[in-house]
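1. need a structure here:
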Amino acid sequence: MPGRPLDASARGAGLFGAAPQSVPVFVAAVLEPLIAVACLLGVQLALGEPFDRPVMLLSILVLVLVFPGTSRFLEPLFSSAVDILLAWVAVLSILALCGYATDSIKFFEPEVLGLWMVLVPPMQFAAVLIGRAAMRSHAAQPDLRRAALVVGGSELAAQVGHALQQRSTQGVTFVGYIEDRRDIRTHPEVLPRIVGGIDDIAACVQRLHVREVYITLQLGTAERVRNLLMALQDTTASIYFVPDFKGVKLVQGRMLSMAGMPVFALLDSPFVGINALVKRASDIVLASLILLLVSPLMLALAVGVKLSSPGPVIFRQRRNGLDGREITVYKFRSMTTQDNGAHVAQATRGDARITRFGAFMRRTSLDELPQFVNVLQGRMSVVGPRPHAVAHNEFYRPHIQRYMVRHKVRPGITGWAQVNGCRGETEVVEKMQQRVDHDIDYLRNWSLRMDLHIIARTVHLVLFDRDAY
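-> This next block holds a predicted model:
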C-alpha cells in the first residue's frame, strides 16, 4: 500500500515511527472545504433561504472539489493568498460548468451565489492568519518545543538542518550538528553549530534535551550507523533516517511497506492508490461534461474539415501512452497529408500541408477536441504530458536523459509544459528538453489543484494566444 510522499524537510523514514505531524497542520488540511460549506449555509441563513436538497447537494460537491491545502499555515502569506484565490476560481468554474450542463443554477438565488462567491476567499485567508497565530503561540511554549539535531556533515545534512530551522513555528528548535571529520569541525563556515562528535552523541542528546535525531550518513557506512543506533537507544530521542540520494532526482519519492519491509520508491507514478481514483474520476467527469457541451461545435468542425479538403474527418495517429504502450490518438484532420510512419515531420509555421480551415483549428486548439473521447476510453487524461508520435519518441529517447519517464502517466490533452510556453515545433533538441523537464516537474508535484490550475491557464491560452500554428 503506498505511503505518503517524502516530506521536504526530511526525505526519509523514521526508524522508530513517522516524523511528527502537528495538529495545526491537520486542521489546515480540512479547514478550506469546511469554511466554504459554512459560508454557503451562513449566507442561506442570513438571506432567509431554505436548506433544501439543492443546497445540500452543492455542499457535498464543495466538500469534494475544494482540495485541502495542507501547507497553508507554513507557506508565505502571499503564496497562500494566491493559491486560495486560484483554487476557488477553479472550483467555481467547475461548479458553473456543472450548473449549466444540468440546468441546476435556477435552484439558487443570484444574491446567495454572488455573496457566497465573494465571501469564501477572505474567510479562508482569515482562517490561515488565525491558524498561523495559533501555531506561533503553540510553538512559543517552552514545554512543547522539541529540540532536534542532525548527524552528518554532508550537503544533505546542511539541507536538513536548514529545513529544521524553518520549522520553528511548528515547535522545533534546531540545536546543531554531530560530526567527527576534522576538516569540517575546523571550518565553521562550512557547517556551523557543531555540538559534538558521534562517540559522545548520547551525552549530547541528554545535555541538550534533544527529542529528535536526524541521521544523514551515507548508506555505505552501515557499521557506523549501527553503532550510532546502539548509542541512541540509551536515550529517549526519536530517530529518523534521511537517505542520501545524492545525484538521484526523485520522481514521486515515497516510502512503501511490502510484507512489513520498508521499500523506497525513487521513481514512480503519482497516480497510485487514492490518487489514481481521484485522477480517473476527474477525467471522466470533465471529459463527459466537455463533450456534452461542445458536441454541436464538433459536428460543425467535422463538416468544415470534410468540405475543406479531401480525406477523412478524423486523423488517427500512433503515439506512446501509459508505460510506453502504443495507443491511437484522435484529432480533427488539419493537414492534406496523414504522416504516421517511421518518419513524421513536425508542423512548422506556414507549413504548406496545413489547410486554411486546419490552420484555424490548430490556432484555437479545436483540432484536439476528439481526444476527449480518448480520455473516456482510458487512453489519455485531460491533463498530462502531451503524447508524441512514435517516430518522435524513437528519435528523442537516446538524445534526452529521462525522456521516457514522462510515460509513467497517461498522456494529456493539455499539460504543464504547454501552459509554460513549451508547445509547437521542437526544431532543436533543447526545446524538447525543456518540454520533458516540465513534464517531469508535473509528475513530481502533481495534485488535483495543479490539474485545475493547468486547465484554467489552457482556457486562457486558447482564447488569447495568437502564436499557435
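2. ok, now which ones touch A203?
-> Residues counted as contacts of A203 (CB atoms under 8 Å, 6 or more residues apart in numbering) are G196. Placement of C-beta: from N, CA and C, glycine included.
3. can you classify it by secondary structure?
-> helix (DSSP: H, G, I helix; E, B strand; the rest coil).
4. again, but for V382
-> strand.
5. so who does it touch?
-> Contacts of V382 (CB under 8 Å, 6+ apart): 282-283, 286-287, 372, 375, 412-414, 451, 455.
6. and the furthest pair within those?
-> F372 and D451 (14.8 Å; CB to CB).
7. higher neighbour count, the two?
-> Between F372 and D451, counted using other CB atoms under 10 Å, the more crowded position is D451 (26 against 22).
8. so which bits of the helix or strand that contains that one are buried?
-> For D451, the host element (DSSP states H and E) is helix 448-464. Within helix 448-464, the residues that count as buried by 16 or more other CB atoms under 10 Å are 448-449, 451-455, 457-458, 461.
9. where does the stretch 201-350 of the chain have low pLDDT?
-> 219-222, 246-248, 337-350 (pLDDT under 70).
10. in it, which spans are helices?
-> Counting by DSSP state H, counting those that start in this stretch, the stretch 201-350 of the chain has helices at residues 201-207, 222-232, 274-308.
11. reformat those helices as TSV; add distance to A259.
-> Formatted as TSV, the helices of the stretch 201-350 of the chain follow (distance: least, CB to CB, whole Å):
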stretch	distance to A259
helix 201-207	32
helix 222-232	22
helix 274-308	22
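12. how about the residue of the chain most remote from its centre, phi and psi?
-> Residue distances from the centre of the chain (CA atoms, centre = their mean) peak at P310, which lies 43.2 Å from the mean C-alpha position. Per-residue torsions, P310: phi -70, psi 150 (degrees, to the nearest 10).
13. distance of it from T355?
-> With the distance defined as CB to CB, to the nearest Å, P310 ends up 10 Å from T355.
14. now stretch 392-410: mean pLDDT?
-> Averaging pLDDT along stretch 392-410 yields 87.
15. what about G358, which SS state?
-> Per three-state DSSP, G358 ends up helix.
16. nearest residue to it in space, please, no chain neighbours.
-> Among residues not flanking G358 along the chain, S334 sits closest, at 2.9 Å (CB to CB, 6 or more residues apart in numbering).
17. kindly report the same for K306.
-> V313 (5.6 Å).
18. any figure for the gap between that neighbour and E368?
-> Going from V313 to E368 by CB to CB gives 14 Å.
19. looking at those two, which is more packed in?
-> The residue with more neighbours, out of V313 and E368, is E368; 19 against 14, by other CB under 10 Å.
20. who's in contact with the more buried one?
-> E368 touches 331, 413, counting by CB under 8 Å, 6+ apart.
21. and it, how close does it get to Y330?
-> 9 Å.
22. go on, A359?
-> For A359 relative to Y330 (CB to CB), the value is 19 Å.
23. list the buried residues of the helix or strand harbouring I440.
-> Assigned by DSSP H and E, I440 belongs to helix 429-445. Neighbour counts over helix 429-445 (16+ other CB under 10 Å) mark 432-433, 435-440, 442-444 as buried.
24. by contact count, what packs against that helix?
-> Judged by 3 or more CB pairs under 8 Å, 6 or more residues apart in numbering; DSSP states H and E, helix 429-445 is in contact with helix 416-419.
25. what mean pLDDT does the helix it packs on get?
-> 92.
26. enumerate the positions of it that are buried.
-> Under 16+ other CB under 10 Å, the buried positions of helix 416-419 are 416-419.
27. pLDDT below threshold where in the stretch 1-150 of the chain?
-> In the stretch 1-150 of the chain, residues with pLDDT under 70: 1-29, 67-71, 74, 138-139.
28. how far off centre is stretch 379-387?
-> 15 Å (CA atoms, centre = their mean, to the nearest Å).
29. export that stretch as PDB, just CAs?
-> Extracted in PDB, the C-alpha atoms of stretch 379-387 (Å, rounded to 0.1, in the frame of the first residue of the first chain):
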ATOM      1  CA  ARG A 379      -6.100   6.000 -23.200                       C
ATOM      2  CA  MET A 380      -5.500   9.700 -22.200                       C
ATOM      3  CA  SER A 381      -6.100  12.100 -19.400                       C
ATOM      4  CA  VAL A 382      -7.400  15.700 -19.600                       C
ATOM      5  CA  VAL A 383      -4.100  16.900 -18.100                       C
ATOM      6  CA  GLY A 384      -0.700  15.200 -18.500                       C
ATOM      7  CA  PRO A 385       2.400  15.200 -20.800                       C
ATOM      8  CA  ARG A 386       1.400  15.600 -24.400                       C
ATOM      9  CA  PRO A 387       1.700  12.400 -26.400                       C
END
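30. excluding sequence neighbours, find me the nearest residue to A96.
-> I105 (7.7 Å).
31. which residues does the one you found contact?
-> Going by CB under 8 Å, 6+ apart, I105 touches 96, 99, 113.
32. check the spacing between F360 and C39 real quick.
-> For F360 relative to C39 (CB to CB), the value is 43 Å.
33. the more surrounded of these two?
-> Legend: neighbour count by other CB under 10 Å for F360 and C39, higher for C39 (21 against 16).
34. was I right to think the more buried one contacts W116?
-> Yes: counting by CB atoms under 8 Å, W116 is a contact partner of C39 at 5.8 Å.
35. which element is A147 on?
-> Assigned by DSSP H and E, A147 falls in strand 146-151.
36. who are the packing partners of that strand?
-> Against strand 146-151 (3+ CB pairs under 8 Å, 6+ apart) you get helix 155-166, strand 172-178, helix 201-207, strand 210-215.
37. one more time with 10 Å, if that's ok
-> When contacts are defined as 3 or more CB pairs under 10 Å, 6 or more residues apart in numbering; DSSP states H and E, strand 146-151 packs onto helix 155-166, strand 172-178, strand 194-196, helix 201-207, strand 210-215, helix 222-232, strand 238-241.
38. now the buried residues of helix 429-445 in a markdown table, with distance to R423 and pLDDT?
-> Output for those, formatted as a markdown table (distance: CB to CB, whole Å; pLDDT from 0 to 100):
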| residue | distance to R423 | pLDDT |
| --- | --- | --- |
| M432 | 12 | 89 |
| Q433 | 15 | 90 |
| R435 | 8 | 92 |
| V436 | 13 | 91 |
| D437 | 14 | 92 |
| H438 | 10 | 93 |
| D439 | 12 | 93 |
| I440 | 17 | 92 |
| Y442 | 14 | 94 |
| L443 | 18 | 92 |
| R444 | 20 | 89 |
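39. quick check: of those residues, which lies closest to F271?
-> Relative to F271, the closest of the buried residues of helix 429-445 is L443; by CB to CB it sits at 9.4 Å.
40. wait, what's in contact with that closest one?
-> Residues counted as contacts of L443 (CB atoms under 10 Å, 6 or more residues apart in numbering) are 251-252, 267-271, 384-385, 405-406, 408-409, 416.
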